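Q: Attaching a predicted model along with its sequence, questions to come.
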Amino acid sequence: MSVPSVNLRIEKGTYFEASFSLAGADNTPAVLLNYSATAKIRKHPAATDSVPFQTTITGSTGDITITMSNDVTSTLSSGRNYYDVVITETISGRRTKVFEGMAMVYDTVSI
């Protein structure tokens, strides 16, 4: 199964939020009870340094929200970055990458 690619735009020094919805093969919302999510951004995929997003899962609807505070976005490298979202089934520990893409980080002049 291929991982959906979703590109993001992040403005430095401002609050960031994005939501993703997972669906089953029959297009009904995926049930993500007993799952956790991790999401990180890096300057390039092989970079050792990363910055985590805060993640929230709504288990009954298959929705995953990633956020980053003003203070955190201000530390990101401008330009092209890469991110992904990985869910972990808490009982088995099985990990699955569910979204990935580029995150363009833009400077904010008014801050």
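A: Thanks, I have the structure now.
Q: Val72 - that's part of a strand, no?
A: No: applying DSSP: H, G, I helix; E, B strand; the rest coil, one finds Val72 to be helix, outside a strand.
Q: dump the residue contacts of it.
A: The contact partners of Val72, by C-beta atoms under 8 Å, 6 or more residues apart in numbering, come to Val51. Glycine gets a C-beta too; all of them are placed from N, C-alpha and C.
Q: Can you tell me how far it is from Lys43?
A: 15 Å (C-beta to C-beta, to the nearest Å).
Q: And Val86, by the same measure?
A: 19 Å.
Q: The residue nearest to Leu8 when sequence neighbours are not counted is in what secondary structure piece?
A: Leaving aside its sequence neighbours, Leu8 sits nearest to Ala103 (C-beta to C-beta, 6 or more residues apart in numbering; 4.2 Å). Assigned by DSSP states H and E, Ala103 falls within strand 95-106.
Q: Against which helices or strands is that strand packed?
A: With contacts defined as 3 or more C-beta pairs under 8 Å, 6 or more residues apart in numbering; DSSP states H and E, strand 95-106 has these neighbours: strand 8-11, strand 79-89.
Q: and the longest one, which strands flank it?
A: In other words, strand 79-89. According to DSSP bridges, strand 79-89 forms sheet pairs with strand 35-42 (antiparallel), strand 95-106 (antiparallel).
Q: With the first one instead?
A: The sheet places strand 8-11 alongside strand 95-106 (parallel), with pairing taken from DSSP bridges.
Q: Thanks a lot, catch you later.
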